[in-house]
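**Q** show me the folded form of this:
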Amino acid sequence: MRAAWLLIAGGLTALALGVGVSITLTYGLVFIGLLGGLAYALGVSGLSQRKWIALPAFVLGLVAPFVLTFGVHSVLMQRIGHVERCAVTATDEHPFAKYPSVDYVLACPSGEIELDRNWNDRLKTTEADVLTGPPLPPMFADDTRWNLLLVTSVPGAMTLLVPVARLLRKQP
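**A** I've put the predicted structure just below:
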């Protein structure tokens, strides 16, 4: 039982660190959060000692790092960021890559910003609205598709699953 609690606590800590680092530095570090989510799922499964709770725990453990990394960044930028009208100064198109995209260099009032977009979502004009709000990386203003309820429901469900697992353990 102690190992289950350690896995849950360590998993949630790694998830928080991975998400925090991924939001401020690079999205590639979401892997740390993914490992934390899986450790959390193993801990919840071990705590309950019931096989059926493993599926929701593993789904939450796999989904949480991605929803929290991309969703928290979007929600925070909606709350603390400010919109700047920026002009496109350079583009680098990659239409024949495995994942077609366009890299943009934008001249904004706060300085030069580099952003990329999927090929299908490329800009139609030479200007774009960009959300900026240090220390978070900037993002296109029209990319804010996440809402606060969706983002907070994932850690809420993870938190509620722990007492449910503990109650299941007490039942014969």
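**Q** in the chain, which spans are strands?
**A** Listed in chain order, the strands of the chain (DSSP state E) span 82-94, 101-108, 111-118, 127-133, 136-140.
**Q** what strands flank the fourth one, and is each parallel or antiparallel?
**A** In its sheet, strand 127-133 lies beside strand 82-94 (antiparallel), strand 136-140 (antiparallel), with partners assigned from DSSP bridges.
**Q** now the angle between strand 101-108 and that strand, please.
**A** Strand 127-133 runs at 80 degrees relative to strand 101-108, counting by axes from the mean of the first three to the mean of the last three CA atoms, to 10 degrees.
**Q** give me the mean pLDDT for strand 127-133.
**A** The predicted model assigns strand 127-133 a mean pLDDT of 90.
**Q** specify the residue ranges that define each domain of the chain.
**A** As assigned by automatic domain parsing, the chain contains the domains 2-79+145-170, 82-143.
**Q** just name the most buried of those.
**A** Greatest average neighbour count among those goes to domain 2-79+145-170 (a mean of 18), per mean count of other CB atoms under 10 Å. Heads up, the C-betas are built off the backbone N, CA and C, glycines and all.
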